[in-house]
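[1] I'd like to go over a predicted model; first the sequence, then the structure.
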2 protein chains.
Amino acid sequence: MKISELSARTGVTIPTLKFYLREGLLPQGELSSPNQAEYGEAHVRRAALIRALREIAGLSIARIGAIVDALEGGEATYEVLGSAVDSLGGAAAGELTPEQEAIGVELDAMLERLGLPTRPESLARHQLIRAFETAREMLFPGAPVEMLMIYAQPMMEIAKYERAATPGLFEQDPEKTIELAVAGLALFEPIMLAFRRLTHEAILAGQVGEDPTKPKKRPLGKPER
Amino acid sequence: MKISELSARTGVTIPTLKFYLREGLLPQGELSSPNQAEYGEAHVRRAALIRALREIAGLSIARIGAIVDALEGGEATYEVLGSAVDSLGGAAAGELTPEQEAIGVELDAMLERLGLPTRPESLARHQLIRAFETAREMLFPGAPVEMLMIYAQPMMEIAKYERAATPGLFEQDPEKTIELAVAGLALFEPIMLAFRRLTHEAILAGQVGEDPTKPKKRPLGKPER
């Protein structure tokens, strides 16, 4: 198909598609004449993925570039998938402080017990360590890493359910496998977070007293100072 | 305390604290002499929050500014909390397409049944609509909004647990209440996402065959093309 059809199929404008081609996010089409290129289904899929990562997951072009690099390795190995997932972001890796290393030791014991990976360079592990350190400082002084079980358990169940719901994932070519795995991870993250935020909003609304005809439990609208 | 002690207490460098003061993220201290200001516990808490939002949640200065604006309203009302939470980000609001509006109708029915808020300008609701639309296009053609229940249910349970675990939250002054609520929301988001990513990594490692001495279930390392 021509670039105009690629644009119509994916909802990505032609200038944006050209930008993706220049940045190397989208592979070049096959030249059918000196100034006309042909695009295929792989381009449709890739353009949709880039759009989702930008608009839904809110990733920068640099991060998307790192994911595309992982995809273009041409292998759906454990490492390639791991590095694509790491590019979804969150914390930067960087050196851990001695306090963070200590949390890491406690955390690894828990992760091992749960059957979860503990590779030291994993960004997800770094993210857990840093976020927990700060949460403990700001909100739960002295809390053990074990308190994270209330998050670990439901997340593990969700992931297992998701995997069971996509049995054919690895029956496809490796590039498509990683594309779909990354899209699945990235697209349902904002969905999960949105439900948690809405629930907190609902709880607070009940507490703060949304309905002006009902008495509020506490006059929170008025500062106490 | 002086700015040097504020820096020592929060782990934020003096130049960065001065930057926060200039940007209005941190309220000015009380002048004790023409070129010396005094800072208090509210500054410690606020600086820790800004650091957490930057380093752990990865928010931009602009987004943090929006949260601080909400905090400085001086009221812990439903609306103030809602707009602080919205500033945690995800999708931009913007106009919905007719297809997205149709998803919104289906979604609102589900949210109402669950007792979750459906205010049309809520970013969390927009985020759900956009992410689900894309997920359906890319991964689950024709799936009903109802499929999101596998995310809604555990997230609601987590939020209810969190609220029950922080009974004293609203017994504090309104500014502190919102600060803690925002920190709690922001800090545990990366933790939840990390557990899901690690679980998928573990499942894939098992599937792809991490141990080279064991036969792989499928030779995924080799592209089929």
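    Looks like it arrived, so ask away.
[2] all contacts plus neighbour counts: C-alpha atoms, from now on.
    OK.
[3] And the strands in chain A?
    A:30-33, A:36-38 (DSSP state E).
[4] Need the winner for burial among those.
    Of all those, strand A:36-38 has the most neighbours on average by mean count of other Cα atoms under 10 Å in any protein chain shown, namely a mean of 14.
[5] Quick check: which helices or strands does it pack against?
    strand A:30-33 (3 or more Cα pairs under 8 Å, 6 or more residues apart in numbering or on different chains; DSSP states H and E).
[6] what's next to the strand it packs on, contact-wise?
    A:A37, A:E38, A:Y39 (Cα atoms under 8 Å, 6 or more residues apart in numbering or on different chains).
[7] picking that back up, I'd like the strands of chain A written out as CSV, with distance to A:G168 and mean pLDDT added.
    As requested, the strands of chain A are exported to CSV (distance: least, Cα to Cα, whole Å; pLDDT from 0 to 100):
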stretch, distance to A:G168, mean pLDDT
strand A:30-33, 29, 88
strand A:36-38, 29, 90
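[8] returning to that earlier point: which of the contacts of strand A:30-33 sits closest to chain B?
    Nearest to chain B, judged by Cα to the nearest Cα, of the contacts of strand A:30-33 is A:Y39 at 17.6 Å.
[9] just checking, the closest one touches A:I3?
    Yes. Assessed by Cα atoms under 8 Å, A:Y39 is found in contact with A:I3 at 6.9 Å.
[10] in chain A, which ranges drop under the pLDDT threshold?
    Scanning chain A with the threshold set as pLDDT under 70 gives A:73-79, A:89-93, A:207-225.
[11] Check it and tell me which residue is nearest its centre.
    For chain A, the residue sitting closest to the mean C-alpha position, by Cα atoms, centre = their mean, is A:A186 at 3.8 Å.
[12] Not counting its neighbours along the chain, what's nearest that residue?
    A:A57 (5.9 Å; Cα to Cα, 6 or more residues apart in numbering or on different chains).
[13] So that neighbour versus A:H126, what's the distance?
    For A:A57, the distance to A:H126 equals 20 Å [Cα to Cα, to the nearest Å].
[14] Distance of A:G11 relative to A:A47?
    Here A:G11 is placed at a distance of 9 Å from A:A47 (Cα to Cα).
[15] typo on my end, A:E133
    A:E133 is 38 Å from A:A47, by Cα to Cα.
[16] same question, A:L204
    Using Cα to Cα, A:L204 is found at 40 Å from A:A47.
[17] if we can go back for a sec, I am assuming the residue nearest to the centre of chain A contacts A:R51, so please confirm or correct that.
    No. Assessed by Cα under 8 Å, A:A186 is found out of contact with A:R51, at 11.6 Å.
[18] Have a look at A:L204 and A:A47 and say which one is more surrounded.
    Legend: neighbour count by other Cα atoms under 10 Å in any protein chain shown for A:L204 and A:A47, higher for A:A47 (24 against 19).
[19] so what's that one up against?
    Contacts of A:A47 by Cα under 8 Å, 6+ apart are A:T10, A:V12, A:L17, A:L26.
[20] what does A:L169 give?
    Taking Cα under 8 Å, 6+ apart, one finds A:T177, A:L180, A:A181 in contact with A:L169.
[21] Any buried residues in the lengthiest helix in chain A, and which?
    Criterion DSSP state H: the longest helix present in chain A is helix A:174-208. Buried residues in helix A:174-208, defined by neighbour count with 16 or more other Cα atoms under 10 Å in any protein chain shown: A:174-205, A:207-208.
[22] elements contacting that helix?
    In terms of contacts (3+ Cα pairs under 8 Å, 6+ apart), helix A:174-208 is packed against helix A:41-55, helix A:61-71, helix A:78-86, helix B:78-86, helix B:123-138, helix B:149-165, helix B:174-208.
[23] if you set the cut-off to 6 Å instead, what comes out?
    If contacts are counted by 3 or more Cα pairs under 6 Å, 6 or more residues apart in numbering or on different chains; DSSP states H and E, helix A:174-208 sits against helix B:123-138, helix B:149-165.
[24] Off-centre distance for it?
    9 Å (Cα atoms, centre = their mean, to the nearest Å).
[25] what's the angle from that helix to helix A:149-165?
    Put simply, helix A:174-208 runs at 140 degrees to helix A:149-165, going by axes from the mean of the first three to the mean of the last three Cα atoms, to 10 degrees.
[26] just the angle between helix A:174-208 and helix A:78-86, please?
    Going by the same axes, to 10 degrees, helix A:174-208 makes 40 degrees with helix A:78-86.
[27] Provide the angle between the direction of helix A:174-208 and the direction of helix A:41-55.
    Angle of helix A:174-208 versus helix A:41-55, following the same axes, to 10 degrees, is 30 degrees.
[28] relative to helix B:123-138, how tilted is helix A:174-208?
    Orientation of helix A:174-208 against helix B:123-138 (the same axes, to 10 degrees) gives an angle of 160 degrees.
[29] Would you mind stating the distance between A:S7 and A:T13?
    Distance from A:S7 to A:T13, by Cα to Cα: 6 Å.
[30] more crowded one of the two?
    A:S7 (17 against 14).
[31] what's near enough to touch that one?
    Counting by Cα atoms under 6 Å, 6 or more residues apart in numbering or on different chains, A:S7 makes contact with A:T13, A:I14.
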